[in-house]
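Student: Would you be able to build a 3D model of this:
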Amino acid sequence: MLRCAHPRTKDPIVQDLLNKLLTLRDGEEARAQACLEEARSLGYKRWRDDPTGTLGAMYKTSKDTIRALDARIAEQRAEIRRAGGDNPFVQAIKAGGGGERSARMEADGWAKRVATQLIARNQQQRAISSGVLDVPSLVPPFVSLMKWPSRLVDLLISRVQIDQNSLEFYQETARVNNAAVVADLAQKPTSTFTLTPVQERARVIAHLSEPIPARYLMDIQQVQPFLSREMAQGVLAKLEQSVVSGDGQNEEMTGILNTAGTTQVAFDTDILTTIRHSFTELQNIGETPDAIVLNPADAETVDLTRWGAQGGLLTSGFDHPSAVVGNSSNFFGPDDQIKRVISPSIPQGTAIIGDFGTAVTLYLRESMSLLLNYWSESLFETNAFIMRAEMRCVIGVLRPKAFAIATLHS
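Tutor: Reported below is the predicted structural model:
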């Protein structure tokens, strides 16, 4: 039997159900037609001509079933139209990603060229994906430190996926090492390592775009990567600010600056002396700092510091004749050990020097996703869409003393 072709939706569950309904309808239509042909072959002009009444009952049952199936098929086709199954614009967007009926676009899926352009910006930039989101990557558990981290979130390489909203981690609040050489049968000394349980919960970081003309996605190729990048970077900027200075009130997480027990370093002589003294303070308590985070204005002060009024720049180190060895980086330490990151999230006049690799953990409940809404009444009427970027996470400062908070100005 001929049947009008219906546009196929990208959602396999919806399409599979529609196909099953159409197959059932075909079967019932065939049974009804068979009843008619059998009645004609027996010479019946009306159903009551059948002395048994069987053919008429079968025909009526098939027709009732067909009417019920038609109603269900109409509902399913309406659902497909609502989901954009017959809309080339929506299908063009879905072609790169998950094909969900709600037009949910995860960061790695809603357009292949979005992820391609974002990843290709430089080889140190990790992938952008959802459930695997990186701008840089926020996926646990095996993340290595980037050779040239460009922002604070790059330093958060300890990442743990959590399976519920609430969590508990243990924070080291005291560490006194009394290990000693002990004679036979003598009392051994006791060291103190105090771990305090901290109850936390994941926080939602999110924002919306303004309504955007839908035609932009079709007419301007750069719009897709631009939107995904800007929306994702906005969420990460807020995450960085929370990691640094979140006050733990209401929905804010508790950042490093507001965590009790950090190593406080007062201003000493000048900015360079203070930073260098911070390393000494951490090393004296057995910590190994791997990064320093500066406000852009303070980084400028450091970079422009000279040996004297007419001297060269102080912090650049000396150039080694071998290009492989490079320069001494004598102030911040070897480039492969101490990373310097510049972040506007750090208040001017403050620096954080610490062990970002092991002393702080990012707990992820939901990695970042980008969602597109095209279907509200007002958006549909104006042919526009809005985007939402969000993630759910929280940080835990495991060893507060591993972070030196340096005051850079008197």
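
Student: What residue, apart from its backbone neighbours, is nearest Ser62 spatially?
Tutor: In space, and not counting its chain neighbours, Ser62 is closest to Ala32: 3.9 Å by C-beta to C-beta, 6 or more residues apart in numbering. C-beta: built from backbone N, CA, C; applies to glycine.

Student: Just give the nearest non-adjacent residue to Asp270, would you?
Tutor: Thr305 is the one closest to Asp270 (C-beta to C-beta, 6+ apart), at 8.0 Å.

Student: For Leu272, see how far away that neighbour is.
Tutor: According to C-beta to C-beta, to the nearest Å, Thr305 and Leu272 sit 6 Å apart.

Student: so the residue nearest to Asp270 touches Asp298, yeah?
Tutor: No - the criterion here is C-beta atoms under 8 Å, and Thr305 misses it with Asp298 at 11.0 Å.

Student: Tell me the residues that contact both of the two, please.
Tutor: Any residue near both Thr305 and Asp298 by C-beta atoms under 8 Å, 6 or more residues apart in numbering counts here, and that gives Ile271.

Student: Between those two, which is the more surrounded one?
Tutor: Neighbour totals were compared for Thr305 and Asp298, and Asp298 leads with 22 against 16 (other C-beta atoms under 10 Å).

Student: So which residues of the chain form strands?
Tutor: Using DSSP state E, the strands assigned to the chain run over residues 159-161, 166-176, 192-201, 203-208, 212-213, 263-265, 291-294, 339-342, 350-354, 360-373, 384-397, 403-407.

Student: Please name whichever of the ones you listed is nearest to Leu257.
Tutor: Proximity to Leu257 (C-beta to C-beta) singles out strand 403-407 among the strands of the chain, at 6.4 Å.

Student: List the buried residues of the closest one.
Tutor: For strand 403-407, a neighbour-count test (16 or more other C-beta atoms under 10 Å) marks 403-407 as buried.

Student: wait, which of those is closest to Trp47?
Tutor: Nearest to Trp47 among those, with distances taken as C-beta to C-beta, is Phe403, at 87.9 Å.

Student: Not counting its neighbours along the chain, what's nearest the closest one?
Tutor: Nearest one to Phe403, counting by C-beta to C-beta, 6+ apart, is Gly354 at 3.6 Å.

Student: so how far is stretch 372-391 from its chain's centroid?
Tutor: Here the centre of stretch 372-391 is set off from its chain's centre by 20 Å, with C-alpha atoms, centre = their mean, to the nearest Å.

Student: mind checking how far Gln348 is from Leu36?
Tutor: Taking C-beta to C-beta, one finds Gln348 at 87 Å from Leu36.

Student: Below-threshold pLDDT in the stretch 251-400 of the chain: ranges please.
Tutor: Counting by pLDDT under 70, the stretch 251-400 of the chain contains low-confidence ranges at 308, 310-336.

Student: ranges for the helices of it?
Tutor: 271-284, 296-303, 377-382 (DSSP state H, counting those that start in this stretch).

Student: And the residue nearest the centre of this protein?
Tutor: Nearest to the mean C-alpha position of the chain, by C-alpha atoms, centre = their mean, lies Met368 at 2.2 Å.

Student: Tell me if I'm right that it and Cys393 touch.
Tutor: No - the criterion here is C-beta under 8 Å, and Met368 misses it with Cys393 at 9.0 Å.

Student: Just the CA trace of stretch 32-51, in PDB.
Tutor: Provided in PDB are the C-alpha atoms of stretch 32-51 (Å, rounded to 0.1, in the frame of the first residue of the first chain):
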ATOM      1  CA  ALA A  32      -9.900  -4.800   6.600                       C
ATOM      2  CA  GLN A  33      -9.300  -5.000   2.900                       C
ATOM      3  CA  ALA A  34      -9.100  -8.800   3.100                       C
ATOM      4  CA  CYS A  35     -12.500  -8.800   4.800                       C
ATOM      5  CA  LEU A  36     -14.000  -6.800   2.000                       C
ATOM      6  CA  GLU A  37     -12.500  -9.000  -0.700                       C
ATOM      7  CA  GLU A  38     -13.700 -12.200   1.000                       C
ATOM      8  CA  ALA A  39     -17.200 -10.700   1.300                       C
ATOM      9  CA  ARG A  40     -17.200  -9.900  -2.400                       C
ATOM     10  CA  SER A  41     -16.000 -13.300  -3.400                       C
ATOM     11  CA  LEU A  42     -18.900 -14.900  -1.400                       C
ATOM     12  CA  GLY A  43     -21.400 -12.600  -3.100                       C
ATOM     13  CA  TYR A  44     -22.300 -10.600  -0.100                       C
ATOM     14  CA  LYS A  45     -23.500  -7.000  -0.800                       C
ATOM     15  CA  ARG A  46     -24.000  -6.100   2.900                       C
ATOM     16  CA  TRP A  47     -22.300  -7.400   6.100                       C
ATOM     17  CA  ARG A  48     -25.600  -8.800   7.300                       C
ATOM     18  CA  ASP A  49     -25.600 -11.100   4.400                       C
ATOM     19  CA  ASP A  50     -22.900 -13.100   6.200                       C
ATOM     20  CA  PRO A  51     -24.900 -15.700   8.300                       C
END
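
Student: With that, I have no additional questions.
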